[in-house]
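> Please find the sequence and the predicted model below.
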Amino acid sequence: MNNTPLHTFHIPVLGLAYTIDSPVKVARYGINSVISIIEDKLIELMRMHYYKEVNKPYIPITPKEHDYRARRITDYLNLIDDIVKEQVEKLASAAFETGSEISKYFEMLPDEHSLRLLYIEMMHSDDSSRKSLLADYLRKQVRAGRIDVNIMTKVDKNNYDADGTILTDSSDALAALRGYANSDLTNSAVIFSAGLNPRLFNYLETLQAFRPKGWGIFDKSVVVKVSDFRSALIQGKYLAKKGIWVSEFRIESGLNCGGHAFATDGSLLGPILEEFRIRRDELKDSLHTLYNSVMQQKGLATFPEPHPLKITVQGGIGTSEEANLLLSYYDVASTGWGTPFLLCPEATTVDDSTLHQLCAARENDILLSKNSPLGIRFNYLKGTSSETERLARIRAGKPGSPCTEKHLVSNTEFTDKPICTASHLYQKMKIAQLQALNLPADEYEKQYRDIVSKECLCVGLSNAVTTHYKLPPFKQMRGITMCPGPNVAYFNKIVSLKEMVDYIYGRCNIVDGERPHMFIKELSLNIAYLQEQLQQLTSANEKTIRELRAFGDNLLAGIAYYRKRSSDFLQQRADIFNEALNRCEVEVESLVAYKLPA
């Protein structure tokens with residue numbers, strides 16, 4: 001089996017809904033994409049939708065049935081897999097002619113890909129025998145992109161039976177993982193995001209689906225999303241001690257990404273990638289030593305060489321030049337393009353109204369908000385229907401949302417069982433507590449805004465699909481939350497899949513005007529975050545001061561790194577890049593010097 005990716009980019013998970021059926025749209029062209037599988041009710045709605053699409057009977061899997069969450073996920077993934085296989089078979093038999101599916105398949109490949117070069121030769125050949133030979137060969141090379149799944153490790157509430165007893169191995173994340181493991185998908189991966197979850201990672205050890213079939217051969221592999229080298233080493237070693245090999249570490253910018261933004265300590269993407277570039281073999285060898293030892297103890301096959309370990313990256317990539325820099329200089333295997341694909345209906349599922357809001361969005365329309373109930377910062381598009389619903393409830397004197405899905409319940413401040421900080425129940429009790437404090441008006445207003453800013457993401461991040469496909473809404477809640485990265489400000493029109501892919505490979509332009517280099521944009525976002533933290537510094541807390549000073553020092557170290565390396569990886573516009581570095585350096589130095597005591 002040839003598992004080498006056809007493309008040098010992938011489509012990461014986008015919210016709950018936006019890539020829920022992306023494989024149906026793009027996998028037949030050899031493009032890898034990722035489905036979120038944590039919201040099983042949404043997946044059940046998608047089962048209903050796609051069984052109707054393929055003219056097969058839909059048999060509901062209800063909450064009354066045993067292990068219904070996992071079973072819904074398994075069946076949906078099998079259904080998507082069957083649809084994609086049928087699409088590939090049909091594509092491979094299409095005629096080689098302008099606009100056909102098979103022509104589109106080969107035309108979208110990278111310029112230097114051998115199959116694209118053979119396709120071009122075949123299409124221009126006057127030798128009928130040679131043309132027929134090449135056509136037959138190319139048809140046999142057609143294969144689907146990977147159907148991957150995402151599990152956000154922090155979304156892992158316990159679930160209970162009718163008697164109130166915790167169901168064994170049936171928390172949200174464990175049920176999702178089991179559903180994926182039981183599916184028919186091969187040449188696929190589960191991507192874990194948001195950090196180490198011991199219960200989830202320990203459960204991996206019990207699932208045979210993640211064991212190798214040979215050196216480097218996995219039907220289902222493990223990918224871990226990380227923010228830096230240290231995180232990769234810690235999580236990789238934890239899993240290696242369970243006999244689980246991490247096939248890929250997916251590095252994501254802390255702030256220059258969509259959805260939840262995990263602000264780091266001021267470490268920037270370039271220096272982080274540099275450490276992976278330099279220490280990749282060290283990482284692979286250290287994990288292999290642990291992994292082989294555990295496999296031997298378990299009586300399972302060991303391997304003299306480490307399984308392949310890929311490094312990929314995503315977050316804020318916006319030009320072919322930036323992608324090529326990451327692929328060539330930092331030697332990553334693939335670049336993730338998330339936010340730009342939100343404007344490509346042939347790849348993602350976004351309702352029409354939100355799609356046009358995305359097209360109109362500019363830098364000031366994307367907030368690093370506190371809207372997530374998880375207490376993690378959240379990149380958020382202003383003016384969505386979900387925001388309108390939330391503000392209407394506040395004006396009506398009933399802030400907070402009905403909590404129907406309960407995936408993000410985490411707070412036990414007022415209750416024995418966790419509840420969600422976006423729920424009406426929590427906000428009612430929290431506001432009553434706040435009112436009893438008799439705070440000054442400005443401080444009360446600040447804390448009140450923080451409380452009522454929390455939004456129901458379970459439903460808000462699902463509703464684009466229910467609106468687009470006209471599916472039953474969640475408890476009549478129709479508001480849509482959109483969580484693009486800041487990168488959306490530089491993409492302002494709806495594009496076809498071919499246009500988007502051609503743009504990624506530098507074959508066309510879909511962006512008007514100037515945009516900052518992705519490294520400069522990330523640096524600017526970190527400076528803005530530092531400034532916000534300094535403005536909130538009301539007392540000389542030594543620990544906080546040390547952390548903020550270290551944040552500033554890391555930014556300055558990153559600036560020095562970029563200044564030293566810019567001539568190595570920037571073939572053009574190095575002067576503009578360095579001018580921006582100089583401005584950022586002055587800003588960081590003045591911020592730290594002005595705000596932090598010596």
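Sure thing, it's come through. Residues are numbered from 1 along each chain as shown.
> show me where the stretch 201-350 of the chain has strands.
220-226, 246-252, 259-260, 310-314, 334-336 (DSSP state E, counting those that start in this stretch).
> shouldn't residue 216 be in contact with residue 307?
Yes - in this structure, residue 216 is within contact of residue 307 by C-beta atoms under 8 Å, at 5.0 Å. Every C-beta, even on glycine, is put in place using the N, C-alpha and C of the backbone.
> Give me the neighbour count for residue 123.
16 (other C-beta atoms under 10 Å).
> ugh, typo on my part, it should be residue 88
Residue 88: 20 neighbours (other C-beta under 10 Å).
> Show me how far the helix or strand where it lies is from its chain's centre.
Following DSSP states H and E, one finds residue 88 within helix 68-92. Offset of helix 68-92 from its chain centre (C-alpha atoms, centre = their mean, to the nearest Å): 21 Å.
> same thing with stretch 258-275?
With C-alpha atoms, centre = their mean, you get 14 Å for stretch 258-275.
> One more: stretch 349-369?
17 Å.
> Return the set of buried residues in it.
Under the neighbour-count criterion of 16 or more other C-beta atoms under 10 Å, stretch 349-369 has 349, 350, 351, 354, 355, 357, 358, 361, 365, 366, 368, 369 buried.
> So the last one sits against residue 377, correct?
Yes - counting by C-beta under 8 Å, residue 369 does reach residue 377; the two are 7.0 Å apart.
> before we move on, the earlier item: name the helices or strands packed onto the helix holding residue 88?
When contacts are defined as 3 or more C-beta pairs under 8 Å, 6 or more residues apart in numbering; DSSP states H and E, helix 68-92 packs onto helix 22-26, helix 40-53, helix 101-107, strand 147-152, helix 172-181.
> Show residues contacting the next helix or strand after the first one.
Stepping forward along the backbone from helix 22-26, the first helix or strand reached (DSSP H and E) is strand 32-36. Outside of strand 32-36, the residues within contact range by C-beta atoms under 8 Å, 6 or more residues apart in numbering are 5, 7, 10-13, 15-16, 19-23, 26-27, 77, 80, 145-150, 152, 191, 334, 347.
> Likewise for stretch 574-589?
516-517, 519-520, 523-524, 527, 530, 552, 555-556, 559, 562-563, 566-567, 570.
> again with stretch 563-570
Against stretch 563-570 from outside (C-beta under 8 Å, 6+ apart): 270, 274, 325, 329, 574, 577, 578, 581.
> Check the offset of it from the chain's centre.
With C-alpha atoms, centre = their mean, you get 28 Å for stretch 563-570.
> cool, stretch 150-165 as well?
Using C-alpha atoms, centre = their mean, the offset of stretch 150-165 from its chain centre is 22 Å.
> how much space between residue 21 and residue 34?
12 Å (C-beta to C-beta, to the nearest Å).
> Looking at these two, which one has more neighbours?
residue 34 (26 against 22).
> Bridged to the more buried one, which residues?
residue 148 (DSSP bridges).
> per-residue confidence for it?
On pLDDT, residue 34 comes in at 98.
> again with residue 1
57.
> Same check on residue 545?
At residue 545, pLDDT is 88.
> tell me which element it is part of?
In this structure, residue 545 is located in helix 542-569 according to DSSP H and E.
> quick one: buried residues of that helix?
Quick answer for helix 542-569 (16+ other C-beta under 10 Å): 544-545, 548-549, 551-552, 554-556, 558-559, 561-562, 566, 569.
> now the helix or strand following it against helix 542-569, angle please.
Downstream of helix 542-569, the first helix or strand assigned by DSSP H and E is helix 574-595. Compare the direction of helix 574-595 with that of helix 542-569 by axes from the mean of the first three to the mean of the last three C-alpha atoms, to 10 degrees and you get 170 degrees.
> so what's residue 407 up against?
38, 39, 155, 157, 172, 458.
> Secondary structure of it: a helix, I assume?
No - remark: residue 407 does not belong to a helix; assigned using DSSP: H, G, I helix; E, B strand; the rest coil, it is coil.
> Check the gap between it and residue 157 for me.
From residue 407 across to residue 157, the span is 6 Å (C-beta to C-beta).
> residues shared between the contacts of the two?
residue 172.
> Residue 207 - nearest residue in space that isn't next to it in sequence?
Sequence neighbours aside, residue 181 is the residue nearest to residue 207 in space, at 4.6 Å (criterion: C-beta to C-beta, 6 or more residues apart in numbering).
> mind listing what the one you found touches?
Per C-beta under 8 Å, 6+ apart, neighbours of residue 181: 207, 209, 210, 220.
> 7 Å - rerun?
Contact analysis of residue 181 by C-beta atoms under 7 Å, 6 or more residues apart in numbering lists 207, 209, 220.
> if we can go back for a sec, now render the strands of the stretch 201-350 of the chain as TSV, adding mean pLDDT.
As requested, the strands of the stretch 201-350 of the chain are exported to TSV (pLDDT from 0 to 100):
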stretch	mean pLDDT
strand 220-226	98
strand 246-252	98
strand 259-260	96
strand 310-314	98
strand 334-336	98
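> any idea whether residue 190 is helix, strand or coil?
Three-state call for residue 190 (three-state DSSP): strand.
> residues near it, how many?
When neighbours are counted by other C-beta under 10 Å, residue 190 comes out with 23.
> Tell me which residues touch it, please.
Neighbours of residue 190 in contact, by C-beta under 7 Å, 6+ apart: 149, 151, 177, 180, 220, 222, 223.
> again with residue 346
Residue 346 neighbours (C-beta under 7 Å, 6+ apart): 25, 496, 497.
> Produce a PyMOL select command limited to the buried residues of the residues you listed.
Selection of buried members from those for PyMOL, criterion 16+ other C-beta under 10 Å:
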select buried, resi 25+497
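> Could you list the buried residues of stretch 261-276?
261-264, 266-274, 276.
> Pull the most distant pair out of the residues you listed.
Largest separation among the buried residues of stretch 261-276 by C-beta to C-beta: 261 and 274, giving 21.9 Å.
> who's in contact with residue 50?
79, 83.
> any idea how far residue 108 is from it?
For residue 50 relative to residue 108 (C-beta to C-beta), the value is 24 Å.
> can you check residue 54 too?
Between residue 54 and residue 108 the computed distance is 25 Å (C-beta to C-beta).
> give me the low-pLDDT residue ranges for this protein?
1-2, 540, 595, 597-598 (pLDDT under 70).
> tell me the domain boundaries of it?
Split into domains by automatic domain parsing, the chain comes to 9-341, 516-598.
> Give me the distance between the shortest one and the centre of its chain.
What it means is domain 516-598. The answer for domain 516-598 is 25 Å, by C-alpha atoms, centre = their mean.
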